[in-house]
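1. Need the 3D shape of this:
(chains A and B)
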Amino acid sequence: QKEVEQNSGPLSVPEGAIASLNCTYSDRGSQSFFWYRQYSGKSPELIMSIYSNGDKEDGRFTAQLNKASQYVSLLIRDSQPSDSATYLCAVNRRTGRRALTFGSGTRLQVQP
Amino acid sequence: DTAVSQTPKYLVTQMGNDKSIKCEQNLGHDTMYWYKQDSKKFLKIMFSYNNKELIINETVPNRFSPKSPDKAHLNLHINSLELGDSAVYFCASSPTMNLDEKLFFGSGTQLSVL
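-> Predicted coordinates for the structure are as follows:
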């Protein structure tokens, strides 16, 4: 089992819809979780972080964390073509490596 | 002003050559990283340094040698390049070793080994 798993996509949604991106992780002791957005040919940039169970909202973005299910998701409301990118889930494992563990990302395509 | 800058942006070279990638950050951060991103977008940690001290050295072939002359610079030298080294290499920095802090990435170096 990969440490951080994401569906590679592409996930295609129409403009204005809600995009739902999912991530599961294997280390039950993981303590903090991040979503990075990466446009094609560009570097990753942090868009959301979440540390406790429940929802965290920031503008059109909502991160959801369920530690019991080892699941973290990112919802993008009112999706725009400019949201088309790869979304990387990253996990801070409490034990083991002293760096974030990244998933391989989900490619999102928002159709105008 | 670019926060984390790495050069070159593109590097095309033959198998067996030796090449270097340079990285500099002007954010005053203590911690710097090298990540490798393969063709499937998987971003994997290679090395990290904190105040010039090596912290992480993942299972990377010893053909890869990082060097940090000061805390603002972290360079990556690769000897005897192989086809499998082709990837995008990202330098990143963070204020401290606290993994809850935001990572600031450089623009990446696309390495193609022919």
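2. for the chain, which spans come out with low pLDDT?
-> No chain in the question, so chain A it is. Scanning chain A with the threshold set as pLDDT under 70 gives A:95-97.
3. Wait, chain B was what I had in mind.
-> Applying pLDDT under 70 to chain B flags residues B:1-2.
4. Which parts of stretch B:93-106 count as buried, going by neighbours?
-> With burial defined by 16 or more other C-beta atoms under 10 Å in any protein chain shown, the residues of stretch B:93-106 counted as buried are B:93-94, B:97, B:99, B:101, B:103-106. For the C-beta atoms, the positions are set from N, CA and C on the backbone; glycine is no exception.
5. helix or strand for the residue nearest to the spatial centre of chain B, which one?
-> Most central in chain B under C-alpha atoms, centre = their mean is residue B:34, positioned 3.0 Å from the mean C-alpha point. In this structure, residue B:34 sits in strand B:31-37 according to DSSP states H and E.
6. Pull up the pairing partners for that strand, direction included.
-> Partner strands for strand B:31-37, per DSSP bridges, with pairing direction: strand B:43-50 (antiparallel), strand B:87-94 (antiparallel).
7. Quick check: bridge partners of the closest residue to residue A:58 other than its chain neighbours?
-> When the adjacent residues along the chain are set aside, residue A:58 lies closest to residue A:48, with 6.1 Å between them (C-beta to C-beta, 6 or more residues apart in numbering or on different chains). For residue A:48, the beta-bridge partners are residue A:35 (DSSP bridges).
8. Pull up the distance across stretch A:60-72, start to finish.
-> 17 Å (C-alpha to C-alpha, to the nearest Å).
9. got a list of contacts for that stretch?
-> By C-beta atoms under 8 Å, 6 or more residues apart in numbering or on different chains, the surrounding residues in contact with stretch A:60-72 are A:22-26, A:28, A:30, A:33, A:35, A:47-56, A:73-78, A:89, A:91.
10. From those residues, list just the buried residues.
-> Neighbour counting by 16+ other C-beta under 10 Å classes A:22-25, A:30, A:33, A:35, A:47-50, A:73-76, A:89, A:91 among the contacts of stretch A:60-72 as buried.
11. Looking at those residues, which are in strands?
-> Secondary structure assignment (DSSP state E) places A:22-25, A:33, A:35, A:47-50, A:73-76, A:89, A:91 from those within strands.
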